[in-house]
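1. Build the 3D model from these lines:
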Amino acid sequence: MEFIEFKNCSKVYKNGVTALTNANLSINKGDFVFIIGHTASGKSTLIKLLYREEKPTSGVVSVGGVDVSKLRNSKIYKLRRKIGIVFQDFKLLPKLTVYENVAYPLASYGMRGSEIRPLVLSALEKVGLKNKTRSFPDQLSGGEQQRVCIARAIVNNPKLLICDEPTGNLDPDTSKEIIDLISKINKELGTTVVTATHDKDIVNRMKKRVIVMKDGLIEGDYLKGGYKYNENV
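-> Numbering: from 1, shown residues only. Have a look, this model is predicted:
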């Protein structure tokens, strides 16, 4: 069952840079997909189109049957409630505790504290940080901060988890732990996962589907791939 679909999708920025050209791509519900490529290959643009950070210049971007490129700005929040996003630079609020950071998106939806608490504790338990609820981001290691980001991303049980270079600021051992955690979420919760990464070791070890981007084009699509398919990426 197709959950994500790009149809003849192109993106040209206002400065004239073409970031994506005629992209056609389908991702099924529950899939785990890596998107790889050099800087400026188009992978970040592909990711941003999914959660409507950017709109395509032409073509269709569909998530869960909804053409997100045609969503009114006032309706984007409804899309993002169904999507969790994990960033390379964590984007945690430094003056909020771990608990408060994870609770933040739920509170912004207008949920009551009594509804929020079990969801936050459950998410923190899934990432192994239930004992860190009162800690602040600067009291955590990089790996722990990324786990908080993952907890925040999954607290609302999203249908789609987007990871943009989730291991980019982490050492190899911690990177392995983080990607294994994301894989566990994919398997146990059935969450569709799309991960943009430069991490060759992770991609080669996981043997998941790999989408290869180059110069705004989808250059390759491998069911159980790795960087070995394109050593120039």
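2. can you map out the helices along this protein?
-> Under the criterion DSSP state H, the chain contains helices at 43-50, 76-80, 98-108, 113-126, 142-154, 172-189, 200-206.
3. Export the ones you listed as JSON lines, with columns for mean pLDDT, distance to Asp164 and mean neighbour count.
-> C-beta coordinates here come from the backbone N, C-alpha and C atoms, glycine included. Converted to JSON lines, the helices of the chain look like this (pLDDT from 0 to 100; distance: least, CB to CB, whole Å; neighbours: other CB atoms under 10 Å):
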{"stretch": "helix 43-50", "mean pLDDT": "93", "distance to Asp164": "6", "mean neighbour count": "22"}
{"stretch": "helix 76-80", "mean pLDDT": "87", "distance to Asp164": "14", "mean neighbour count": "14"}
{"stretch": "helix 98-108", "mean pLDDT": "95", "distance to Asp164": "17", "mean neighbour count": "20"}
{"stretch": "helix 113-126", "mean pLDDT": "95", "distance to Asp164": "19", "mean neighbour count": "16"}
{"stretch": "helix 142-154", "mean pLDDT": "95", "distance to Asp164": "11", "mean neighbour count": "23"}
{"stretch": "helix 172-189", "mean pLDDT": "94", "distance to Asp164": "12", "mean neighbour count": "17"}
{"stretch": "helix 200-206", "mean pLDDT": "91", "distance to Asp164": "14", "mean neighbour count": "18"}
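4. Export the ones you listed to a markdown table and append columns for distance to Ser58.
-> Below are these laid out as a markdown table (distance: least, CB to CB, whole Å):
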| stretch | distance to Ser58 |
| --- | --- |
| helix 43-50 | 12 |
| helix 76-80 | 20 |
| helix 98-108 | 32 |
| helix 113-126 | 38 |
| helix 142-154 | 30 |
| helix 172-189 | 31 |
| helix 200-206 | 30 |
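5. For Ser135, which of those is the nearest?
-> Closest to Ser135 of these is helix 98-108 (CB to CB; 5.2 Å).
6. can you list contacts of that closest one?
-> Helix 98-108 has contacts (CB atoms under 8 Å, 6 or more residues apart in numbering) with 92-93, 96, 115-117, 119-120, 123-124, 129, 132-137, 140, 148, 151-152, 155-156.
7. Repeat that for stretch 52-68.
-> With CB under 8 Å, 6+ apart, stretch 52-68 has contacts from 3-12, 20, 22-23, 45, 48-51, 69, 71, 76, 79-80, 82-83, 159-160.
8. Repeat that for stretch 175-183.
-> Identification of contacts with stretch 175-183 by CB under 8 Å, 6+ apart yields 32, 86, 127-128, 143, 146-147, 150, 161, 163, 166-167, 170, 193, 195, 199, 201-202, 205-206.
9. so the most centrally placed residue in the chain bridges to which residues?
-> Compute the mean C-alpha point of the chain, and by CA atoms, centre = their mean the closest residue is Ile162, 1.4 Å away. Legend: beta-bridge partners of Ile162 under DSSP bridges are Ile85, Val194.
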